[in-house]
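below are the sequence and a predicted model for it; my questions follow.
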Amino acid sequence: MTDASRRSRRLKAAGCLLGAIVLGLALPHRAAAQALSHLQLQALNDKLSTEFGYYLGAEEEKHADGKPYIDLSQRFEYMPSGGRGGIIVHAKCAGAEYVPNKGEMTKGIATGRIKYLQFTYALRNGQWVEVAKPYWQTQSLGAKAAQRMTEAAERDEAAEEAAREREIRGTPRPTARPAATATPAAAPANPPPRPLQ
């Protein structure tokens with residue numbers, strides 16, 4: 001057996017081992033996610049919305065006070081996993097950080113940071129129990145991302161304002177292309193003479 005073929009066999013074996021490890025790690029998550037019923041997820045959503053309301057209100061107060069705040073999304077990403085004694089779910093939501101413009105109710109200027117708020121609950125005896133206090137994680141995207149985020153927020157706010165104006169005036173939304181209308185062809189000004197019979 002040559003060195004090249006031994007190396008190839010080792011690489012294949014390592015690939016199979018890595019695949020088995022990844023599969024072993026992925027299957028408990030998938031099994032845990034599939035193990036949650038619709039009612040269990042609804043109960044978790046109810047718990048989260050109550051606790052999340054506190055954090056959302058705190059960020060809105062910071063915005064109103066002119067302090068840096070997180071524009072939190074109200075959409076959660078759920079990451080269930082199996083744990084000792086049951087299912088553990090990490091629920092995460094994210095938001096961009098902004099510094100408000102003084103005296104304006106716009107989002108303000110993005111700092112280039114995304115913050116994640118994570119909640120951790122376990123399903124025990126049919127009830128969701130908080131197993132860790134919520135905590136923040138920060139990801140810094142840099143100055144260019146901050147500029148793009150600020151521009152995107154300005155575009156979104158301008159679109160929202162235009163939609164409010166249309167609603168107040170009762171005008172329809174503009175379409176991307178005007179609808180084609182069929183108009184009859186205009187009759188020629190001087191019709192051609194009829195042939196004599």
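Okay, I see it.

strand partners (parallel or antiparallel) of the lengthiest strand in the chain?
Of all the segments assigned as strand in the chain under DSSP state E, the longest by residue count is strand 109-124. Within its sheet, strand 109-124 is paired with strand 86-99 (antiparallel), strand 127-140 (antiparallel), according to DSSP bridges.

so of those strands, which one's packed in deepest?
Highest mean neighbour count among the strands paired with strand 109-124 (mean count of other C-beta atoms under 10 Å): strand 86-99, with a mean of 19. Quick note: C-beta positions are derived from backbone N, CA and C, even for glycine.

give me the mean pLDDT for that one.
The average pLDDT for strand 86-99 rounds to 92.

got the CA positions of that strand in CSV?
C-alpha atoms of strand 86-99 as CSV (Å, rounded to 0.1, in the frame of the first residue of the first chain):
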residue,chain,number,x,y,z
GLY,A,86,-36.3,17.1,29.6
ILE,A,87,-36.2,19.6,26.8
ILE,A,88,-34.4,22.9,27.1
VAL,A,89,-35.2,25.7,24.7
HIS,A,90,-33.0,28.7,24.0
ALA,A,91,-35.1,31.5,22.5
LYS,A,92,-33.2,34.4,21.0
CYS,A,93,-34.3,37.7,19.4
ALA,A,94,-32.1,40.3,17.9
GLY,A,95,-32.0,44.0,17.3
ALA,A,96,-29.7,46.7,15.9
GLU,A,97,-28.4,49.3,18.3
TYR,A,98,-29.2,53.0,17.5
VAL,A,99,-28.4,56.4,19.0
